[in-house]
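Colleague: Turn this into a structure:
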Amino acid sequence: MPAIRTTQLRRTFGDLVAVDSLDLTIPEGEIFGLVGPDGAGKTTTMRMLTGVLPPSSGTAEVAGHDVVRAAGPLKEHIGYMSQRFGLYPDLTVIENLDFYADIYGVPSRGRAARTEQLLGFSHLTAFQHRLAGNLSGGMKQKLGLACALIHTPRVLFLDEPTNGVDPVSRRDFWRILYQLVREGVTLFVSTAYLDEAERCNRLALLHQGRLVGLGTPAEVKRLLPGALLEVRTSAPRLTAQLLRERLAGATVGLFGDCVHVVARDTTAADTQIRRHVADAGFDLLSLRPIEPSLEDVFVSVIAAPKEAAAGMSPLP
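Modeller: Below you'll find the model as predicted:
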C-alpha cells in the first residue's frame with residue numbers, strides 16, 4: 001500500500017485554482033520532494049494531505065486513511081511541520097516536547113524514553129532546559145521536528161523546513177531526515193531550495209497548481225525542453241537582458257556571473273549568441289554546452305510555462 005496516493009486532487013479558492021488535478025503515488029520509505037515557486041500550490045497540497053484543508057474535488061489517502069472521511073484517525077499516523085511551526089518561546093525545549101506529547105495523547109508510559117531519544121536524535125539534549133525563544137534558527141527547526149515526531153508518525157510532512165536556516169544547520173537537518181528514512185518513515189518535503197531537491201528520491205515540480213514534472217532528480221533534469229548553453233561575458237546582466245530580447249523561442253536565465261540559455265537548436269543559438277554579444281560590444285569569455293541542473297529546469301518552467309508544460313509532461 002502506498003504511503004500517499006492522490007487522484008485528480010483539486011483545490012480552488014473562488015476563481016483561483018490553487019491545485020489542479022494532482023495525481024501522485026508515493027511508496028513507503030521514500031523522500032518525496034514538492035518543488036515550485038511561491039504560489040505554486042505546495043502548501044495547499046500539504047494542507048489537503050494532512051486533513052487541514054478539504055479538497056474541492058478528487059481524493060487522497062495517506063497511511064491508508066482517506067484525508068476527508070478519516071481525518072481524525074489520520075492524525076495519529078502523520079506528523080506535520082508547517083512553515084510556522086507552533087513552538088512556545090516561553091517554554092523550555094523539554095516543556096515543548098511534553099506539551100506536544102499531551103496534544104498527541106502519547107501515553108505516560110514510555111514517554112520519558114521517547115523524549116530522551118528525540119533529544120539525542122536532534123542534538124538538543126544539552127539545551128533541553130533552554131527557552132525555545134532563545135534557540136538559534138536551526139535549533140528551533142530541530143525542536144519543531146522533534147515535536148512533530150513525538151507520537152512516532154508513519155508519514156512526516158515538512159513544509160519548507162529549512163527556510164531561512166543557515167547552510168550548516170540545513171545540512172545537519174537533512175542528516176536527521178536521512179536517519180528517519182532508515183527507520184521507515186516516509187517524508188513529504190516541500191522546498192524552494194534546488195540543492196535540497198537533489199536530496200530527494202523523487203520530485204514533483206508544480207507550477208500554478210499543475211504538475212509539470214515528476215520523477216527522480218535525474219529524470220526531471222532530462223525533461224528540460226531543449227539543450228543548455230552556458231554563456232560568460234564581460235557584462236552578464238546586460239547579456240541576459242539582451243538575449244531575452246533577441247533569442248526567439250529560447251529561455252534565458254542569469255546564474256551568478258553566467259547566463260544560461262535553453263534552446264532546442266543549440267547550433268543556431270550558438271551562432272546568434274556570438275553575433276548579438278559582438279554587436280553589443282561585450283567580451284565573450286566562453287560559450288559551451290553544459291548539463292542542466294534542477295534550477296535550470298525550474299527557471300525554464302517559470303520563464304516559459306506554456307512551452308515547458310508541453311515538453312515536460314509527467315512521467316509514468
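
Colleague: what residue ranges in the stretch 101-250 of the chain are flagged as low confidence?
Modeller: Residues of the stretch 101-250 of the chain that meet the criterion pLDDT under 70 are absent altogether.

Colleague: Which parts of the stretch 101-250 of the chain are helices?
Modeller: Ranges of helices within the stretch 101-250 of the chain are 111-121, 137-149, 167-182, 194-197, 217-222, 236-246, based on DSSP state H, counting those that start in this stretch.

Colleague: what about the ones you listed, which gets the closest to L91?
Modeller: helix 137-149 (10.2 Å; Cβ to Cβ). Where C-beta positions appear, they are placed from N, C-alpha and C, glycine not excepted.

Colleague: How about exporting the closest one as PDB, limited to the C-alpha atoms?
Modeller: C-alpha atoms of helix 137-149 as PDB (Å, rounded to 0.1, in the frame of the first residue of the first chain):
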ATOM      1  CA  GLY A 137      17.000  29.300  13.900                       C
ATOM      2  CA  GLY A 138      18.500  25.900  13.200                       C
ATOM      3  CA  MET A 139      17.900  24.600  16.700                       C
ATOM      4  CA  LYS A 140      14.200  25.800  16.600                       C
ATOM      5  CA  GLN A 141      13.800  23.800  13.400                       C
ATOM      6  CA  LYS A 142      15.200  20.700  15.100                       C
ATOM      7  CA  LEU A 143      12.900  21.200  18.100                       C
ATOM      8  CA  GLY A 144      10.000  21.600  15.700                       C
ATOM      9  CA  LEU A 145      10.900  18.300  14.000                       C
ATOM     10  CA  ALA A 146      11.200  16.600  17.400                       C
ATOM     11  CA  CYS A 147       7.800  17.800  18.400                       C
ATOM     12  CA  ALA A 148       6.300  16.500  15.100                       C
ATOM     13  CA  LEU A 149       7.900  13.100  15.800                       C
END
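
Colleague: Just give me how far that helix sits from the chain centre.
Modeller: Mean C-alpha position of helix 137-149 versus that of the full chain (Cα atoms, centre = their mean, to the nearest Å) differs by 18 Å.

Colleague: Now do the buried residues in that helix.
Modeller: For helix 137-149, a neighbour-count test (16 or more other Cβ atoms under 10 Å) marks G138, M139, K140, Q141, K142, L143, G144, L145, A146, C147, A148, L149 as buried.
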